[in-house]
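A.B. asks: attaching a predicted model along with its sequence, questions to come.
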Amino acid sequence: MSVAILGAGAFGTALACALGQVTLWTRDADHARDMADTRENTRRLPGIPLPGEVQITHDLAGIDAQTLLLAMPMQAMRGFLHDHGTVLQDRVLVACSKGVDLDVLLGPVGVIRQNLPDARAALLTGPSFAHDIARGLPTALTLACEDPELGMALQQELSTNALRLYRNTDVTGAELGGALKNVIAIAAGMVIGADMGESARAALMARGYAEMQRLALALGAQADTLAGLSGLGDLILTCGSEKSRNFRYGLALGSGAEFDTTTTVEGAATARAVARLAQEHGIDMPITRMVAAMIEGYLTVTEARDALLARPLTEE
């Protein structure tokens, strides 16, 4: 297998544990040495041993793998591609990020194409927690690639007994499903954090899913994609578990608790980006708009709740 994972956060490390014979790259030389010495990513995925066949490096130029999994935060991807485009040319680039770039309003594959127009790009997304993947627990993900032949090759290359990949050529739908569910997960966390109850969370998820569909379909996505792993499946996972960073962030916002600012919360930037995207396309997304306003400090939880409940009564 000629695969390298660029980014040694929790998800990148989990993929390395699942795939085994890969190279795991981190930009931090000290981090690389620590992982090589301890055979564990104590910073991001403590308690999970790295397989012996996983190679650790901080030398990006020395990686000769043809398939590169970009396991980095969405908001960092554009800068990384810009800085390292020469090294990344002529490789297969599989984005493992979920979100919408705050500046250019593109998803991960869109950002790859903008910076490396000739790249062969794909997206790995879907309902998954890093600890589950790393421990070898059964997980199913979407592999979205517009090139069917490349998608089939990647599916074979990246699937394991426990990690099952389903192919999809609807990259737009897979991108938006993974991005938008994070925004709704923040809102679901707010509901629980503010003690509004489980019934309110269920309603929030259903109406949030309707928002996801409205924007995605308007941008050319397929309804089946949103109803699959990268949309509904991921929404269910992240709206119902405190393992989700987006849900935990929403809990903190809803309850007024402190939140670790060093934790990456992709949905926070995505909410602001999607609110702009929806406005540009004339798409009504009230939950997303309220989440963005709360993150930016324009609304309190009570004000957001009251505004949503005051909306006109309509058909579902």
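C.D. replies: Yep, it's here.
A.B. asks: surely Leu123 and Glu175 touch.
C.D. replies: Yes. Between Leu123 and Glu175 there is a contact under Cβ atoms under 8 Å: 6.2 Å. Bear in mind the C-beta positions are built from the backbone N, C-alpha and C, glycine included.
A.B. asks: who touches both of those two?
C.D. replies: Common contacts of Leu123 and Glu175 (Cβ atoms under 8 Å, 6 or more residues apart in numbering): 107-109, 144.
A.B. asks: closest to Thr300 out of these?
C.D. replies: Nearest to Thr300 among these: Gly107, at 30.5 Å, using Cβ to Cβ.
A.B. asks: need the nearest residue in space to that closest one, chain neighbours excluded.
C.D. replies: With Cβ to Cβ, 6 or more residues apart in numbering as the criterion, Gly107 has its nearest non-adjacent residue at 3.2 Å, and that residue is Glu175.
A.B. asks: what's the helix or strand for the one you found?
C.D. replies: Element membership for Glu175 (DSSP states H and E) is helix 171-193.
A.B. asks: buried set for the helix or strand just after that helix?
C.D. replies: Using DSSP H and E, the helix or strand that directly follows helix 171-193 along the chain is helix 198-218. Applying a neighbour-count criterion of 16 or more other Cβ atoms under 10 Å, one finds 200-201, 204-205, 207-209, 211-217 buried in helix 198-218.
A.B. asks: repeat that for stretch 227-243.
C.D. replies: For stretch 227-243, using 16+ other Cβ under 10 Å, the buried residues are 228-235, 237-240.
A.B. asks: what's the answer for stretch 7-20, then?
C.D. replies: 7-19.
A.B. asks: same question, stretch 259-275
C.D. replies: Within stretch 259-275, the residues scored as buried using 16+ other Cβ under 10 Å are 264-275.
A.B. asks: same check on stretch 31-48?
C.D. replies: 31-32, 34-35, 41, 43-45, 48.
A.B. asks: quote the end-to-end distance of that stretch.
C.D. replies: End-to-end span of stretch 31-48 (Cα to Cα, to the nearest Å): 16 Å.
A.B. asks: repeat for stretch 122-130
C.D. replies: OK, stretch 122-130 end separation, Cα to Cα: 20 Å.
A.B. asks: state the mean pLDDT of it.
C.D. replies: Average pLDDT, stretch 122-130: 98.
A.B. asks: ok, stretch 221-230 next?
C.D. replies: On average, the pLDDT along stretch 221-230 is 98.
A.B. asks: let's have the chain start at 183 instead
C.D. replies: Right, with 183 as the first residue, what we last looked at is stretch 403-412.
A.B. asks: neighbouring contacts of it?
C.D. replies: Residues from elsewhere that reach stretch 403-412, judged by Cβ under 8 Å, 6+ apart: 307-309, 322-324, 326, 348, 350, 352, 354-356, 358-360, 391, 394-395, 398-399, 413-414.
A.B. asks: Gly436 and Ile374 touch, don't they?
C.D. replies: Yes. Counting by Cβ under 8 Å, Gly436 touches Ile374, with 6.6 Å between them.
A.B. asks: can you pick out the most distant pair from the buried residues of stretch 213-230?
C.D. replies: Across the buried residues of stretch 213-230 (Cβ to Cβ), the longest gap, 17.0 Å, separates Ala214 and Ile230.
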